[in-house]
Structures are given as C-alpha cells and as structure tokens.
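Student: need coordinates for the following:
(2 chains)
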Amino acid sequence: QKEVEQDPGPLSVPEGAIVSLNCTYSNSAFQYFMWYRQYSRKGPELLMYTYSSGNKEDGRFTAQVDKSSKYISLFIRDSQPSDSATYLCAMSLYGNKLVFGAGTILRVKS
Amino acid sequence: DGGITQSPKYLFRKEGQNVTLSCEQNLNHDAMYWYRQDPGQGLRLIYYSQIVNDFQKGDIAEGYSVSREKKESFPLTVTSAQKNPTAFYLCASREGPTGELFFGEGSRLTVL
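Tutor: Predicted coordinates:
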C-alpha cells in the first residue's frame, strides 16, 4: 500500500463546475499538508499549505484536512480552462521529506 | 528574482553515457532535493541534502549520484548504471523544516 493515495484521473469537468480533488494517507503522524499545481512540462507550484486539521480558503480554492479520516481535499470553485493541470497532494512530518501523491489530471472544458 | 534554475531543459543521451543535470538556487535555502517524475507515478525522491557537504539517498537512488559543495548548487549525475533514465527530473529547495518546496522548471532526459 502506498503511503499517499491519489486518483490519477483524468477528471473532466465543464467550465464553471466545482471540482473536488482528494488524497488519502496511511501515516497518522503527518502534520503538514500541501497542494501543488503542475502545468505540462513545468515544475509544480504551491497552491495551498495547511498545518494539521481544518479548512483554508484562498480565492476560488479551499483546502480541507480531516486527520481523523486521514483524508485531504482541494475544492476549486467556478473552474476555468486555465485550471487544467495536474494537481499533486503532498504531506510531511516536521523536518522530514515530503511524500507526494501520484497527481490527478484535471481538464476543464470551455 | 529568487528561484531555482535547472539546466539543460532538454537533454538527449546515448546508452552508456553519464550526464549531469545542473540545479542552482538563490533562495538561500539549506535543503535541496532531486525528484524523478514518470507518467502516473508522481514524484519520487532520488537524493536530498540538508546542508553543504552532506546528502542522503532517497527512495530511488540507484544509478544516480550527487554532490553538494556549495549551498547554491546541487548537481545530479545520471550514470550508465541507471537502467531506465528517460524521465522528467525536478530539483527543489526548502526553507526550514516545515516550509514549502520550491521547484525548478525541470529537465527532460531522453536516452536514445
């Protein structure tokens, strides 16, 4: 079993839809949770960073962490074609290396 | 502008040749990382370094080597011992033990 599980997709949605991206993990000690967006042939860039449980909102993006279920989510409201990318979840312990999910390919159709 | 510079962006290699990928950062970060990305497999850690003159193997270090002689630089050598080197390679740096990873633009290596 992988330490972090993420559905690779692809996930296709119409423009304006609400998108839900998810990851599950097995290590209950993870404390730091991140979502990265990666456009084709580019390096990943940080979208959201959350410490421990709870919600965090930034514009059209909301990150949720449920440590009791070992489940994290990224919601994208009013999705745009420019949101089409691969979304990677990542998590770590204090001072430890990040563990990444496989990435979900998202396609937003106009 | 601060950031991470990887070069070359594209590289072609014949079987049996060693190649070195460059990674330079001006973010003043202590920790630097090399990842390999293959379709459907996410990012896999090759090597990382938390301080100059020290580095550790990641999950897939076989066939790779690194050096960390300067804080700003963390080059990766893909040796002929790496059986399947064709991949997208990403260099990253991190500020402190809880900071985000900053990535370079990547280097795509193709073995002919």
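Student: quick one: contacts for the spatially most central residue of chain B?
Tutor: By CA atoms, centre = their mean, chain B has its centre lying nearest to B:W34, at 3.0 Å. Residues near B:W34 by CB atoms under 8 Å, 6 or more residues apart in numbering or on different chains: B:23, B:45-48, B:58, B:64, B:66, B:74, B:76, B:89-92. In short, each C-beta sits where N, CA and C put it, glycine included.
Student: same check, this time on B:Y10
Tutor: B:S107, B:R108, B:T110.
Student: surely B:F55 and B:V66 touch.
Tutor: Yes. Counting by CB atoms under 8 Å, B:F55 does reach B:V66; the two are 5.4 Å apart.
Student: how close does the residue lying closest to A:S28 once chain neighbours are set aside sit to A:E3?
Tutor: Nearest-residue entry for A:S28: A:K70, 6.2 Å, with adjacent residues in sequence omitted and distances by CB to CB, 6 or more residues apart in numbering or on different chains. Going from A:K70 to A:E3 by CB to CB, to the nearest Å gives 11 Å.
Student: which neighbours do the two have in common?
Tutor: Common neighbours of A:K70 and A:E3, counting by CB under 8 Å, 6+ apart, are A:Y25, A:S26.
Student: for those two, indicate the residue with more neighbours.
Tutor: A direct count of neighbours by other CB atoms under 10 Å in any protein chain shown for A:K70 and A:E3 places A:K70 higher, at 17 against 12.
Student: please name the bridge partners of A:L46.
Tutor: Counting by DSSP bridges, A:L46 forms beta bridges with A:Y36.
Student: pLDDT score for it?
Tutor: Here the pLDDT value assigned to A:L46 is 95.
Student: identify the residues contacting it.
Tutor: Applying CB under 8 Å, 6+ apart to A:L46 gives the contacts A:M34, A:W35, A:Y36, B:E100, B:L101, B:F102.
Student: enumerate the residues of chain B near chain A.
Tutor: Contacts of chain B with chain A, taken as CB under 8 Å from any CB of the partner chain, map to B:4, B:6, B:33, B:40-43, B:45, B:48, B:58, B:88, B:90, B:92, B:97-98, B:100-106, B:108.
Student: narrow these to those in strands?
Tutor: The strands, defined by DSSP state E, take in B:4, B:6, B:33, B:43, B:45, B:48, B:88, B:90, B:92, B:101-103, B:108 from the residues of chain B next to chain A.
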